[in-house]
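A.B. asks: could you look at this predicted model? Sequence included:
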Amino acid sequence: MDQAHAALRQYWGYDSFRPLQEKVVDSLLRGRDVCVVMPTGGGKSLCYQLPAVMRQGTAVVVSPLIALMQDQVAQLRAQGIPAAVLNSTIRPHEQQQVMREAIAGRYRLLYLSPERLVRTDTFEFLQNVPLSFFVIDEAHCISEWGHEFRPEYRQLRALRERFPQTPIAAFTASATRRVRHDILQQLRLQQPDRFIRSFQRPNLRYAVLACDALKQEQALTAALRHHEGESIIVYAPTIERVESTAKQLRRQGIAALPYHGKMEADLRRRHQDQWMEDEARVLVGTIAFGMGINKPSVRAVIHLSLPKSLEQYYQEAGRAGRDGDPADCLLLWQLKDAGLLAFFIEKIEDPQEKRRSWERYHDMRGFAEKRECRQIQICRHFGETPKWEKCGACDVCAGLPEYLEDRKRKPAPPTATKPALPKAAAAASGGSKPSAPAAGASIWQQASDALVVDAMRKWRRETAAAEGIPAFVILHDTSLLDLCKKRPRTIGELLEVHGIGTAKAAKYGEEILKALRRAESKGS
């Protein structure tokens, strides 16, 4: 594990593991089968990426999301880790090249979709690849009891038969006890090490409010005004609601962008990038948005209807507060939307699937209507028995957030008219509150910090555009803000910045230092 810590520092630029990560890494390094249940934002990817770097051979990662696979490969390459993706978006001759490189053992990680993996020709190809282990991401998709069951995942049972000596690692963020047992059975895991992190997210404040249309609109506006200048995700139940909500918010002076499956792929990606880069603070999306999104500074996730299951809600709401700072998870639901869910459940022809859908519906409805601590309800749903009785923060334990209790007060002025300086200055100084100046900081210093942060964001955005990769691949928000706080002068000092390893420092180090000096000269 000393070597694992060295690799963590070298490739990821981190000084320590998060809870459970070290144990999972150790199990995979010892060649064990593992099943890992870790909440969104808990750092699942590193749990298998780091052992893949250290072990001989290639780790094959099965993921259902093409965009996520491509982003992770781009990020790994930026860290100096050889990785590739094999899917239908790649031209045939490029696929052949990837396969030749994989057979030659030149990758540490190879990403495949489940549909691609279970093809006969893929199994034959993998027989010639020096394998280290298999990773099944979003493993709950293998279970009919899971909220996102995908039939092609069921065929992954063939992995154990075809590759009996190759370890298998299953990862998920949202699996009930029944689903966990199904994962173990379907993948035929052999005496696996099991790691289940608590489902409690202490920094998240859950609040549920039953609304009519007008009350919902008022509550949404109040929440966005309260979190003015901060990153927000709003989930709407239909494409039509996504578009109408985004337009309504823009009319109120709130910069909001839509995101849904019927948009052109380039426009959808552009909206995602604008939101990731804080050019637009609010993104209104269907459930198509968010899978694989790694933005730590989301301060609120707002649902405008009941999700189909508590697992889905937990996964989507969990995209808030991944940096550990306080964040709000608001469920503003209408009775008519719940009726629509019930209507579609009745349309299901398969009796078993209809029964499972009704179970999910009643669990979700119970969560919304029961006057019991929201965190307690979530933990119990996933088979965890908390040793505490109240979280002290949700609407049941502590009442609704003040901005929802007082919706009749005069609304704040539009976002565009409110200065953004304190937000950037607080972020640069490591603060979590958007309006409070850093202790002892002068107005001049706050202005300087804000300019440096904005300048470095601009450099990151331009560099990413030139390379055709997402901006977070260059630098995560946490790394960028730590960079602006520490103001390194040398490559050695740059390596002390959170999230900057040796490969990233070698590739971007001189450019980062030059951009930082330019930003500081303008700020002075």
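C.D. replies: All right, it came through fine.

A.B. asks: how close does R457 get to V85?
C.D. replies: As judged by CB to CB, to the nearest Å, R457 and V85 stand 28 Å apart. In short, each C-beta sits where N, CA and C put it, glycine included.

A.B. asks: check L112 too.
C.D. replies: Counting by CB to CB, the gap from L112 to V85 is 8 Å.

A.B. asks: more neighbours, these two?
C.D. replies: Counted by other CB atoms under 10 Å, L112 and V85 do not tie: V85 has more neighbours, with 24 against 21.

A.B. asks: who's the more buried one bridged to?
C.D. replies: Residues in a beta bridge with V85, per DSSP bridges, are Y111.

A.B. asks: quick one: it and M69 touch, right?
C.D. replies: Yes. Here V85 lies in contact with M69, judged by CB atoms under 8 Å, at a distance of 4.7 Å.

A.B. asks: what sits in contact with each of those two?
C.D. replies: Common contacts of V85 and M69 (CB atoms under 8 Å, 6 or more residues apart in numbering): Y111.

A.B. asks: next SSE after the helix or strand bottoming out on mean pLDDT in the chain?
C.D. replies: Using mean pLDDT, DSSP states H and E, helix 421-428 stands out as the lowest-scoring helix or strand of the chain, at a mean of 33. Under the assignment DSSP states H and E, the closest C-terminal helix or strand after helix 421-428 is helix 443-467.

A.B. asks: tell me the helix or strand right after that next one.
C.D. replies: Following helix 443-467 in sequence order, the next helix or strand is helix 471-474 (DSSP H and E).

A.B. asks: quick one: contacts of that following helix?
C.D. replies: 71, 74-75, 78, 273, 276-277, 294-295, 460-461, 463-464, 467, 508.

A.B. asks: which residues in the stretch 51-200 of the chain form strands?
C.D. replies: In the stretch 51-200 of the chain, the strands defined using DSSP state E, counting those that start in this stretch lie at 58-62, 83-86, 109-112, 131-136, 168-172, 193-196.

A.B. asks: okay, those in TSV with mean pLDDT and distance to L220 next?
C.D. replies: Shown next, in TSV, are these (pLDDT from 0 to 100; distance: least, CB to CB, whole Å):
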stretch	mean pLDDT	distance to L220
strand 58-62	97	37
strand 83-86	95	37
strand 109-112	97	37
strand 131-136	97	37
strand 168-172	96	31
strand 193-196	96	34
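
A.B. asks: outline the domain layout of this protein.
C.D. replies: 2-196, 204-405, 421-523 (automatic domain parsing).

A.B. asks: between the contacts of helix 471-474, which is nearest S198?
C.D. replies: Among the contacts of helix 471-474, N294 lies closest to S198 (CB to CB), at 21.0 Å.

A.B. asks: that closest one contacts H476, correct?
C.D. replies: Yes. Applying CB under 8 Å, one finds N294 in contact with H476, separated by 7.2 Å.

A.B. asks: R32 - that's part of a strand, no?
C.D. replies: No. R32: not assigned to a strand; according to DSSP: H, G, I helix; E, B strand; the rest coil it is coil.

A.B. asks: those strands in the stretch 201-350 of the chain, which residues are they?
C.D. replies: Under DSSP E, counting those that start in this stretch, the stretch 201-350 of the chain gives strands at 204-211, 231-235, 256-259, 282-285, 298-303, 327-334.

A.B. asks: could I get the ones you listed as JSON lines with distance to Y313, mean pLDDT and mean neighbour count?
C.D. replies: As requested, those are arranged in JSON lines below (distance: least, CB to CB, whole Å; pLDDT from 0 to 100; neighbours: other CB atoms under 10 Å):
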{"stretch": "strand 204-211", "distance to Y313": "10", "mean pLDDT": "96", "mean neighbour count": "21"}
{"stretch": "strand 231-235", "distance to Y313": "9", "mean pLDDT": "95", "mean neighbour count": "25"}
{"stretch": "strand 256-259", "distance to Y313": "18", "mean pLDDT": "94", "mean neighbour count": "23"}
{"stretch": "strand 282-285", "distance to Y313": "15", "mean pLDDT": "95", "mean neighbour count": "26"}
{"stretch": "strand 298-303", "distance to Y313": "7", "mean pLDDT": "96", "mean neighbour count": "24"}
{"stretch": "strand 327-334", "distance to Y313": "7", "mean pLDDT": "96", "mean neighbour count": "24"}
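
A.B. asks: can you list the ones you listed in a markdown table and add distance to G392?
C.D. replies: Converted to a markdown table, these look like this (distance: least, CB to CB, whole Å):
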| stretch | distance to G392 |
| --- | --- |
| strand 204-211 | 10 |
| strand 231-235 | 24 |
| strand 256-259 | 32 |
| strand 282-285 | 28 |
| strand 298-303 | 19 |
| strand 327-334 | 15 |
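
A.B. asks: so who does the spatially closest residue to A207 that is not a sequence neighbour touch?
C.D. replies: Leaving aside its chain neighbours, A207 sits nearest to D395 (4.0 Å; criterion: CB to CB, 6 or more residues apart in numbering). By CB under 8 Å, 6+ apart, the contact set of D395 is 206-209, 374, 401.

A.B. asks: tally of neighbours for the nearest residue to G80 once chain neighbours are set aside?
C.D. replies: Take G80 and drop its neighbours on the chain: the residue closest to it by CB to CB, 6+ apart is A503, 2.7 Å away. A503 has 18 neighbours, counted by other CB under 10 Å.

A.B. asks: and A503, which of the three is it?
C.D. replies: Quick answer, by three-state DSSP: A503 is helix.

A.B. asks: my read: it touches Q75, true?
C.D. replies: No. Assessed by CB under 8 Å, A503 is found out of contact with Q75, at 11.0 Å.

A.B. asks: ok, L220 - contacts?
C.D. replies: 234, 245, 249, 302, 304, 332.

A.B. asks: do the same with R188
C.D. replies: For R188, the contact set (CB under 8 Å, 6+ apart) comprises 157, 160.

A.B. asks: switch to 10 Å and redo it
C.D. replies: 33, 156-161, 164, 168 (CB atoms under 10 Å, 6 or more residues apart in numbering).

A.B. asks: do you know how far it is from I136?
C.D. replies: According to CB to CB, R188 stands 12 Å off from I136.

A.B. asks: now do the shared contacts for the two.
C.D. replies: Joint contacts of R188 and I136 (CB under 10 Å, 6+ apart) are 156, 159, 168.

A.B. asks: next, show the common contact partners of N294 and H476.
C.D. replies: Q75.

A.B. asks: hmm, back to that, got JSON lines for the contacts of D395, with distance to Y361 too?
C.D. replies: Conversion of those to JSON lines gives the following (distance: CB to CB, whole Å):
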{"residue": "Y206", "distance to Y361": "19"}
{"residue": "A207", "distance to Y361": "21"}
{"residue": "V208", "distance to Y361": "16"}
{"residue": "L209", "distance to Y361": "19"}
{"residue": "R374", "distance to Y361": "18"}
{"residue": "P401", "distance to Y361": "27"}
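
A.B. asks: and which of those is nearest W358?
C.D. replies: Of the contacts of D395, the one sitting nearest to W358 (CB to CB) turns out to be V208, at 20.6 Å.
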